[in-house]
Structures are given as structure tokens and as C-alpha cells.
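1. Here's a sequence, model it:
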Amino acid sequence: VQLQASGGGLVQAGGSLRLSCTASGSIIGSNAIGWVRQAPGKEREGVSCISSSDGSTYYADSVKGRFTISRDNAKNTVYLQMNSLKPEDTAVYYCASKLGGVATTAGLYNYWGQGTQVTVSS
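-> Numbering: from 1, shown residues only. Got it, this is the predicted structure:
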């Protein structure tokens, strides 16, 4: 399983970014795919996840109403649209995958991609 994350960058508070996670093979259709972030000095936090079976989703309370996760099976890609970004969203964002349903915590993921840096300036 290979997961390739992209789309990070520097944005001002209130701005938007879209992260992409491209997965190898057919795992988009069989695995839940999600995003985990880690800020300096903090533990990893499960941000959002989308299932493969019924499209159910999970969002951390800290991002509800601002972030939207979606999946394009034809492109083997999961997206995380991040709006109304805040300085506290600054972190390395990792794409991750697990068998079965959505993950609500970072520790539930089986496979990890590399991270992409998101920096939100105030």
C-alpha cells in the first residue's frame, strides 16, 4: 500500500487549502482513508476519515464545519478541503489508511504515507 499526500503550503488565517491523497492499487475501494495531523510538540490527531463501503465520514470536533473529506475512486484519490483555516491548524498532515470502517483516532490506521506541511499564518 502506498499513499502519496500533496497540497500543503502556507496560507493566511481564513484561507483555504485542498490536500490530496493518492493511493496505490484499489485500496480506495476497499480501505478507509483519512488524515492525521501532528503539530510540533503535540500528539498525532485524527482529523478526518472516509469509509470505502458507504461513504461514511468522521471529523474531529476541532475541524467540523470547516473541513470536508471526499473520495474519487476513479482517480484513487481522497481529498481534504480545508476552509476557514486557523493558526492552530498548522501541522504536518499525514494520509493514512485502514481496513474496515472509519478511524476516529490516529492509532487505528494500518498504513501511512508521508506528510505534507500546512502552515497558517495569523
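2. contacts, neighbours, all on C-alpha from now
-> Noted.
3. can you pull up the bridge partners for A23?
-> Note on A23: beta-bridge partners L3, judged by DSSP bridges.
4. Could you list which residues are in contact with it?
-> With contact taken as CA atoms under 8 Å, 6 or more residues apart in numbering, A23 is in contact with V1, Q2, L3, Q4, N76, T77.
5. right, and the last one touches R71 too?
-> Yes - taking contacts as CA atoms under 8 Å, T77 lies within contact range of R71: 6.0 Å.
6. any idea which of the contacts of A23 is closest to G29?
-> In terms of CA to CA, no member of the contacts of A23 lies closer to G29 than N76, at 8.2 Å.
7. Just confirm the closest one contacts S24, I think it does.
-> Yes - counting by CA under 8 Å, N76 sits close enough to S24 to count as a contact (7.2 Å).
8. which of those two has more neighbours?
-> Set side by side, N76 and S24 show unequal neighbour counts under other CA atoms under 10 Å, the larger going to N76 at 17 against 13.
9. pLDDT at that one, what is it?
-> In this prediction, N76 carries a pLDDT score of 90.
10. which of the contacts of A23 has the most neighbours?
-> L3 (22 neighbours).
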